[in-house]
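Visitor: let me see the structure of the following:
(one chain, ligands or ions: 2)
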Amino acid sequence: MALAIYGIGVSRGIALGAAHLVRRNRLDVQEHLVPPDQVGAEIKRFRKSVRESRDELQLVRQRLPTNTPAEVIEFIDIHALMLEDSSLIEGPIKIMRELSCNAEWALNVERGRLRKIFEDMDDPYIRSRMDDVDQVIDRIQNRLHEHAAPVPDTPGGSYPGRVLVADDLDPADLLLLHHQGIAGLVTELGGVLSHTAILARSLKIPAVMGMRHARSLIAEGDALVIDGDRGVVMADPGREILKHYRERLKRIQRRLKGLSRIRKRPARTADGTSICLQANVDLPQDMKLLDDAGADGVGLYRTEYLFLNQPEAPDEESQFEVYAALVKALKGRPVTIRTLDLGADKQVDSRRAPGTAPVNPSLGLRAIRMCLSDPTIFVPQLRAILRASAFGPVRILIPMLSNTQELFQVKHLLQAIRRDLKTQGAKVGEVQLGGMIEVPAAALSARSFAKHLDFLSIGTNDLIQYTLAIDRIDDQVGYLYDPLHPSVLKLLKMTIDAAAAVGTPVSMCGEMAGDTSYTRLLLGMGLRDLSMHPGALLEVKQVINDSDIGKLKRFCPRIMRATNPLRIAALVRELNER
Ligand code: PEP
Ligand code: MG
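Guide: Residues are numbered from 1 along each chain as shown. Ligands and ions are numbered 1, 2, ... in the order given. Below is the predicted model:
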């Protein structure tokens, strides 16, 4: 029977596919299909890893000191016995034969099957023994990892058309899985502003997050429909439901086709004000989307994705190649390269000294703070960006500024690097320097920042997080996320007005810029430059072309004066219907 499960729709669209269940901390396990003639070799590799795991335990057992407590000895014996148990060994072998998959994958499927059996047990003690099964399976996985088989380049990836159901997922994992061909994503944790959600939108992967207990309600292989627009997942949908979703998919495709007609038209309001619409780029391959959307340039290139899933930080040369390619591909349109915004939910563990995990990563050594504290990572990036500026207009954007001192440090560094590059004979173009306004302190002092910068860019994702004190990746406080909160609106208006007062251009590159329900409000507040995920650009352009700036400007003060959130929401709806 069909089951509807509700969560938070974070990436629009509809995906249909079979469920694949994963646990985030086990995602580094490579799962892929193997050609049928190599299944035998894969089974051998698996048996070898089981043998070695057993030997390993025996060795541990032999080396135990004489005063070892009996329960520890018992625990090791139980694990050794489980490794003798043919069902734990034969189960995955059968799966490898049936699915032509690698040993790691088969072992994880077996883990899921056993978990279901254990969860159905009445006796709490027996249920808790699943932990032992997990540990034994992890031991074998570790061994398999040491003898990892080469990953065949399966056309379409290892999860073609599958819908991934995970407890949690970080952006680095999502990148890997996208490469493996997943069609949709469901997570138990996470919210609309998490970087994983932003990335899912950018990769056009329909996604629903914050779906608590998803992995206990959905079983491996279940047929799923993900409705990213409505935040619902249908498990085991019947024929009628499938028909309904296939028709909706067709309607969506028709709407997108209709929108593509305005691709080449300028974004200009009905009363003649031109608006600059730029694209946010997370991955260099997003360039194709950018052209499809007819963007005026790149308003935000999140460089941190170059650093994820890499054992080492990319060096100056490899960064230069990526940035230069981007600048050349834009053919004269500006490229805004944001310096590294690592930290918070974009962690690269290799950059952190052991034992220094931040207690509160969003408030810790993130973004510009991390860069200024570690010139070995910041200087090569700045050098690479400056060198790329020889090929076209480049703007550098500094994330998470909270005081002007940080900005002066960056300016000094840039001057010194520019001098060095010149003496080394490297070509460097003119580069504009901008700062992100995404911390309330920066919004409150926007005028001081605007005086010393060539442009400002408002990052509403973090500005809302820090203003309302809600962790953007915590779905439990997601209900407090409100771009229309009067305090958020005040900070936006202060920033826009402060920039205008000193003649510094200001844009917005947070998710709010790509949400059509706020387009008219932002225009009325004075914004003329918006940057968003390319997939949102044409819809925003459509709203702009149907708007009259004069009317919006006259209406917006009413919204700014209102203090009741319900009243503000009602006024914004009224504005959108005009
Ligand atoms: C923002 O905070 O609004 C922003 C654009 O930056 P990010 O989402 O990468 O933190
Ligand atoms: Mg930000």
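
Visitor: what's near enough to touch whichever residue of the stretch 201-350 of the chain sits closest to ligand 2?
Guide: Nearest residue of the stretch 201-350 of the chain to ligand 2: Asp341, at 6.2 Å (CB to the ion). For the C-beta atoms, the positions are set from N, CA and C on the backbone; glycine is no exception. With contact taken as CB atoms under 8 Å, 6 or more residues apart in numbering, Asp341 is in contact with Arg302, Thr303, Glu304, Arg366, Ala367, Pro399, Met400.

Visitor: repeat for Gly526
Guide: Lys493, Ile496, Asp497, Ala500.

Visitor: just the contacts of Asp341: which are in helices?
Guide: Among the contacts of Asp341, the ones falling in helices (DSSP state H) are Ala367.

Visitor: tally of neighbours for the residue in the stretch 1-150 of the chain that ligand 2 sits nearest to?
Guide: Distance from ligand 2 to each residue of the stretch 1-150 of the chain (CB to the ion) is smallest for Val10, at 16.4 Å. Neighbour count for Val10, taken as other CB atoms under 10 Å: 28.

Visitor: phi, psi of the closest residue to it other than its chain neighbours?
Guide: Leaving aside its chain neighbours, Val10 sits nearest to Ala197 (3.8 Å; criterion: CB to CB, 6 or more residues apart in numbering). Backbone torsions of Ala197, given as degrees, to the nearest 10, read phi -70, psi -40.

Visitor: surely Ala197 is in contact with Gly190?
Guide: Yes: the pair Ala197 / Gly190 is scored as a contact, 6.4 Å apart, by CB atoms under 8 Å.

Visitor: if we can go back for a sec, would you reformat the contacts of Asp341 as a markdown table and include pLDDT, distance to Val109 and neighbour count?
Guide: Putting the contacts of Asp341 into a markdown table (pLDDT from 0 to 100; distance: CB to CB, whole Å; neighbours: other CB atoms under 10 Å) gives the following:
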| residue | pLDDT | distance to Val109 | neighbour count |
| --- | --- | --- | --- |
| Arg302 | 95 | 35 | 24 |
| Thr303 | 96 | 37 | 23 |
| Glu304 | 92 | 33 | 21 |
| Arg366 | 92 | 38 | 22 |
| Ala367 | 95 | 40 | 27 |
| Pro399 | 98 | 41 | 27 |
| Met400 | 97 | 42 | 25 |
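
Visitor: before we move on, which element is the most centrally placed residue in the chain in?
Guide: Taking CA atoms, centre = their mean, the centroid of the chain lies closest to Thr196, which sits 2.4 Å from it. Here Thr196 sits within helix 195-202, counting by DSSP states H and E.

Visitor: circling back: return the residues in contact with the residue nearest to the centre of the chain.
Guide: Counting by CB under 8 Å, 6+ apart, Thr196 makes contact with Leu169, Asp170, Pro171, Asp173, Leu174, Thr187, Gly190, Met209, Asp345, Ile473.

Visitor: I'd say the residue of the stretch 1-150 of the chain closest to ligand 2 and Ile205 touch.
Guide: No: assessed by CB under 8 Å, Val10 is found out of contact with Ile205, at 9.9 Å.

Visitor: show me which residues of the stretch 201-350 of the chain are close to ligand 1?
Guide: Contacts of the stretch 201-350 of the chain with ligand 1, taken as CB under 6 Å from any ligand atom, map to Leu300, Arg302, Asp341.

Visitor: quick one, what contacts the second one?
Guide: Remark: with contacts taken as CB under 8 Å, 6+ apart, Arg302 is in contact with Asn280, Val281, Asp282, Arg338, Asp341.

Visitor: now, among the contacts of Thr196, which is nearest to Arg215?
Guide: Thr187 (9.6 Å; CB to CB).

Visitor: what about the closest one, distance to Ser362?
Guide: Separation of Thr187 from Ser362 (CB to CB, to the nearest Å) stands at 19 Å.

Visitor: again with Leu99
Guide: Leu99 sits 41 Å away from Ser362, going by CB to CB.

Visitor: which members of the contacts of Asp341 occur in strands, if any?
Guide: Under the assignment DSSP state E, the contacts of Asp341 contribute Arg302 to strands.

Visitor: the contacts of Asp341 into JSON lines, with extra columns for distance to Leu59?
Guide: Listed next are those as JSON lines, based on distance: CB to CB, whole Å:
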{"residue": "Arg302", "distance to Leu59": "47"}
{"residue": "Thr303", "distance to Leu59": "46"}
{"residue": "Glu304", "distance to Leu59": "42"}
{"residue": "Arg366", "distance to Leu59": "43"}
{"residue": "Ala367", "distance to Leu59": "46"}
{"residue": "Pro399", "distance to Leu59": "49"}
{"residue": "Met400", "distance to Leu59": "49"}
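
Visitor: how about low-confidence regions in the stretch 301-450 of the chain?
Guide: 309, 347-358 (pLDDT under 70).

Visitor: what about the helices in it?
Guide: Applying DSSP state H, counting those that start in this stretch to the stretch 301-450 of the chain gives helices spanning 316-329, 367-373, 375-388, 404-423, 440-444, 446-452.

Visitor: for the shortest one, packing partners?
Guide: Spelled out, that is helix 440-444. strand 431-437, helix 460-468, helix 486-501 (3 or more CB pairs under 8 Å, 6 or more residues apart in numbering; DSSP states H and E).

Visitor: what's the closest of the ones you listed to Arg239?
Guide: Closest among the helices and strands packed on helix 440-444, using CB to CB: helix 460-468, at 40.3 Å.

Visitor: is ligand 2 contacted by the closest one?
Guide: Yes: using CB under 5 Å from the ion, helix 460-468 reaches ligand 2 at Asp462.

Visitor: Val10 sits in which helix or strand?
Guide: Using DSSP H and E, Val10 sits in strand 8-11.

Visitor: any bit of that strand sitting next to ligand 1?
Guide: No: against ligand 1, strand 8-11 shows no contacts by CB under 6 Å from any ligand atom, the least distance being 13.0 Å.

Visitor: adjacent strands (with direction) for that strand?
Guide: Using DSSP bridges, strand 8-11 pairs in its sheet with strand 207-209 (antiparallel).

Visitor: what does the chain put close to ligand 1?
Guide: Counting by CB under 6 Å from any ligand atom, the chain sits next to ligand 1 at Ile198, Leu300, Arg302, Asp341, Glu438, Gly459, Thr460, Asn461, Asp462, Cys509, Gly510.

Visitor: so can I have a markdown table of those residues showing distance to Arg447?
Guide: Compiled in a markdown table, those are given as follows (distance: CB to CB, whole Å):
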| residue | distance to Arg447 |
| --- | --- |
| Ile198 | 29 |
| Leu300 | 23 |
| Arg302 | 27 |
| Asp341 | 24 |
| Glu438 | 17 |
| Gly459 | 18 |
| Thr460 | 19 |
| Asn461 | 23 |
| Asp462 | 20 |
| Cys509 | 20 |
| Gly510 | 20 |
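
Visitor: what subset of those residues is buried?
Guide: Ile198, Leu300, Arg302, Asp341, Glu438, Gly459, Thr460, Asn461, Asp462, Cys509, Gly510 (16 or more other CB atoms under 10 Å).

Visitor: tell me where the stretch 151-300 of the chain has helices.
Guide: 171-179, 195-202, 214-217, 239-259, 287-293.

Visitor: in terms of secondary structure, what does the third one contact?
Guide: Helix 214-217 sits against strand 3-6, strand 163-166, with contacts defined as 3+ CB pairs under 8 Å, 6+ apart.

Visitor: most packed of these?
Guide: Among the helices and strands packed on helix 214-217, ranked by average contacts under mean count of other CB atoms under 10 Å, first place goes to strand 163-166 (a mean of 27).

Visitor: okay, now the sheet partners of that one, with direction.
Guide: strand 14-22 (parallel), strand 184-187 (parallel).

Visitor: need the winner for burial among these.
Guide: strand 184-187 (a mean of 28).

Visitor: could I have the CA atoms of that strand written out in PDB?
Guide: Extracted in PDB, the C-alpha atoms of strand 184-187 (Å, rounded to 0.1, in the frame of the first residue of the first chain):
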ATOM      1  CA  GLY A 184      16.800  12.000  -5.800                       C
ATOM      2  CA  LEU A 185      17.700  12.500  -2.200                       C
ATOM      3  CA  VAL A 186      15.900  12.000   1.100                       C
ATOM      4  CA  THR A 187      17.600  12.800   4.500                       C
END
